[in-house]
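**Q** would you be able to build a 3D model of this:
(2 chains)
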Protein chains: 2
Amino acid sequence: MIDPTINFGKNSVADFKVGVDNVIFSVDTQRNRLLILLVKRPHDPFANYYSLPGTLVCTGESLETAAYRTLSEKIEVENLYLEQLYTFGEPGRDPRENETSYEQRYLSVSYFALVRYEDTNLITKDNQKAVWHLLKETPQLAFDHNRILRYGYQRLRNKLEYSPIAFKVLPEAFTLNDLYQFYTTVLGENFSDYSNFRARLLKLGFLTDTGLKVSRGAGRPAALYRFDEDAFALLKDKPLVFI
Amino acid sequence: MIDPTINFGKNSVADFKVGVDNVIFSVDTQRNRLLILLVKRPHDPFANYYSLPGTLVCTGESLETAAYRTLSEKIEVENLYLEQLYTFGEPGRDPRENETSYEQRYLSVSYFALVRYEDTNLITKDNQKAVWHLLKETPQLAFDHNRILRYGYQRLRNKLEYSPIAFKVLPEAFTLNDLYQFYTTVLGENFSDYSNFRARLLKLGFLTDTGLKVSRGAGRPAALYRFDEDAFALLKDKPLVFI
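**A** You can find the predicted model right below:
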């Protein structure tokens, strides 16, 4: 790591390579597992370590294009929407900075998505294949990718609390218990008790009873709801709805 | 501008300089004005245009350090906390990319802060002085800084709706009308009617009546409130409070 107190060449402007790294989550709703997309690095630095799927930005290429390019080689998924997460650029975050010259820095712009598990297909290319890994058993990753992943997980939790992101990946019709399970899988056990959760969500008025019921296991048939985009849009336009 | 469809050197990795640009807002509560900090560029590109205060990141320097460094030359303010906003990196966003070589790109990592107007002091250095400019009369800025500024203004609006950012820059004791004026100055007229605003905020339970009253103009004396950090923290720990 570089000692940032050392003054290299009297404040000369630094040269950077820019990478993009993708934090892609999905929820396996059948088995209630929160998953993160990882790839194994075939070469140094950090050969054989898992990392977030990423690449360096090429000449003439935008950051977003680079992020989509590298993902398209690893996963097939419909309607992928990448959201910029955070930019990490401390001196010394990439060991290649030491190998060549202190003047060459590596910056990472990270992107975030939650995708529908059932709609994804992992691609094998050059004998390399991306994997879905249990978030709670994430190993030591290459570079500062554990840190980037923690940041991404925090974003996912926040979005679940104030945005309708869950409804983009749940089936179109779902029971309130399905929705509760989804939240529990992402936020952890005991994030809220079920009756509070149910009452709060129904009160907000953007869940519509489809009139259909579904039987699962031993209990009574449960009502199927759908997310009402229009009712939610009305809430969104009302300033201060979130406080 | 570069035509991004041209393939430069078969996907070679691009070289970047990295800039930081700061979107610094303040609210002049005496005159109900929303202000943005700008500097006039002394040299090309965009000589004599206003821009957001920024600089290029130097060797051995972190992004944050660069952002604080350039601000410290332009403004004195207590407890400045910069939050990373967004990273802009499209090919062709800086005219210097054309002048030298297509391979040299310029990326901007933007930072955001809302500061207390009364606590700031603008510094004159090398005959240059930063200025507070009325947001609604922002001129054409250098580079893509109007776009960065729009992004920052959206962040400010969002934060007002779901975070207690207003209480960090209002005086410790304030009337509900002061608070309403502050919100109106940032969000624009008619963002909410006063009685709704008042009822909603009081119901949330984090405004405490100080027991003091203040007379302003002809009306009845108005109660002074303070923001109760502890009461707000309880709300924050409750998942789903914002939906």
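
**Q** show me the beta-bridge partners of A:Arg105.
**A** A:Arg105 forms beta bridges with A:Phe16, as assigned by DSSP bridges.

**Q** correct me if wrong: it contacts A:Glu97.
**A** Yes - contact criterion C-beta atoms under 8 Å: A:Arg105 and A:Glu97 qualify, at 6.0 Å. C-beta coordinates here come from the backbone N, C-alpha and C atoms, glycine included.

**Q** show me what the worst-scoring helix or strand of chain A on mean pLDDT packs onto, helices and strands only.
**A** Using mean pLDDT, DSSP states H and E, helix A:96-99 stands out as the lowest-scoring helix or strand of chain A, at a mean of 74. Contacts defined by 3 or more C-beta pairs under 8 Å, 6 or more residues apart in numbering or on different chains; DSSP states H and E place helix A:96-99 against strand A:104-116.

**Q** cutoff 6 Å now
**A** Contact partners of helix A:96-99 among helices and strands, from 3 or more C-beta pairs under 6 Å, 6 or more residues apart in numbering or on different chains; DSSP states H and E: none.

**Q** for it, what is the distance to the chain centroid?
**A** Mean-position distance between helix A:96-99 and its chain equals 29 Å (C-alpha atoms, centre = their mean, to the nearest Å).

**Q** which of the residues in the longest helix anywhere in chain A are buried?
**A** If each helix of chain A is counted by residues according to DSSP state H, the longest one is helix A:145-162. Judged by neighbour count using 16 or more other C-beta atoms under 10 Å in any protein chain shown, the buried positions of helix A:145-162 are A:His145, A:Ile148, A:Leu149, A:Tyr151, A:Gly152, A:Tyr153, A:Arg155, A:Leu156, A:Lys159, A:Leu160, A:Glu161, A:Tyr162.

**Q** can you check stretch A:193-211 too?
**A** Per 16+ other C-beta under 10 Å, stretch A:193-211 contains these buried residues: A:Phe197, A:Arg198, A:Leu201, A:Phe206, A:Leu207.

**Q** what does it rub up against?
**A** A:Ala173, A:Leu176, A:Tyr180, A:Ala223, A:Leu224, A:Tyr225, A:Arg226, A:Asp228, A:Ala231, A:Phe232, B:Leu240 (C-beta atoms under 6 Å, 6 or more residues apart in numbering or on different chains).

**Q** narrow those to those that are buried.
**A** Buried among the contacts of stretch A:193-211 by 16+ other C-beta under 10 Å: A:Leu176, A:Tyr180, A:Leu224, A:Tyr225, A:Arg226, A:Phe232, B:Leu240.

**Q** the second one belongs to a helix, doesn't it?
**A** So the one you mean is A:Tyr180. Yes - counting by DSSP: H, G, I helix; E, B strand; the rest coil, A:Tyr180 is part of a helix.

**Q** can you list the domains in chain A?
**A** For chain A, automatic domain parsing gives the domain ranges A:14-162, A:165-233.

**Q** helices along chain A, start to end?
**A** Under DSSP H, chain A gives helices at A:63-72, A:96-99, A:145-162, A:165-169, A:176-187, A:194-204, A:229-237.

**Q** the last one and chain B in contact?
**A** No - among the residues of helix A:229-237, none lie within reach of chain B under C-beta under 6 Å from any C-beta of the partner chain; the closest is 8.5 Å away.

**Q** so for that helix, mean pLDDT?
**A** Averaging pLDDT along helix A:229-237 gives 76.

**Q** gap between that helix and the chain center?
**A** 24 Å.

**Q** next, the angle helix A:194-204 makes with it.
**A** On the basis of axes from the mean of the first three to the mean of the last three C-alpha atoms, to 10 degrees, helix A:229-237 is oriented at 90 degrees to helix A:194-204.

**Q** mind giving me the packing neighbours of helix A:229-237?
**A** Looks like helix A:229-237 contacts no helix or strand (3+ C-beta pairs under 6 Å, 6+ apart).

**Q** buried residues in that helix?
**A** Here helix A:229-237 shows A:Phe232 as buried, counting by 16+ other C-beta under 10 Å.

**Q** the helices of chain A: which one's closest to A:Leu85?
**A** helix A:145-162 (5.7 Å; C-beta to C-beta).

**Q** what packs against the closest one?
**A** strand A:15-28, strand A:104-116.

**Q** what's in contact with the last one?
**A** With C-beta under 6 Å, 6+ apart as the contact definition, strand A:104-116 has outside contacts at A:14-26, A:63, A:67, A:77, A:82-89, A:94, A:97, A:148, A:152, A:155, A:165, A:169, B:87.

**Q** now stretch A:116-135: mean pLDDT?
**A** 90.

**Q** just the CA atoms of that stretch, as CSV, please.
**A** Only the C-alpha atoms of stretch A:116-135 are listed here, as CSV (Å, rounded to 0.1, in the frame of the first residue of the first chain):
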residue,chain,number,x,y,z
ARG,A,116,-35.0,-11.7,-10.9
TYR,A,117,-33.3,-15.0,-10.1
GLU,A,118,-35.6,-17.1,-12.3
ASP,A,119,-34.9,-14.9,-15.3
THR,A,120,-31.1,-15.3,-15.2
ASN,A,121,-28.8,-17.6,-17.1
LEU,A,122,-25.1,-17.8,-16.3
ILE,A,123,-22.8,-18.0,-19.3
THR,A,124,-19.7,-20.2,-19.6
LYS,A,125,-16.9,-18.5,-21.6
ASP,A,126,-13.3,-19.5,-21.9
ASN,A,127,-13.9,-22.1,-19.3
GLN,A,128,-14.9,-19.4,-16.8
LYS,A,129,-18.3,-19.1,-15.4
ALA,A,130,-19.8,-16.6,-13.1
VAL,A,131,-21.5,-18.1,-9.9
TRP,A,132,-24.3,-17.1,-7.6
HIS,A,133,-22.8,-17.1,-4.1
LEU,A,134,-24.7,-16.9,-0.8
LEU,A,135,-24.2,-13.4,0.4
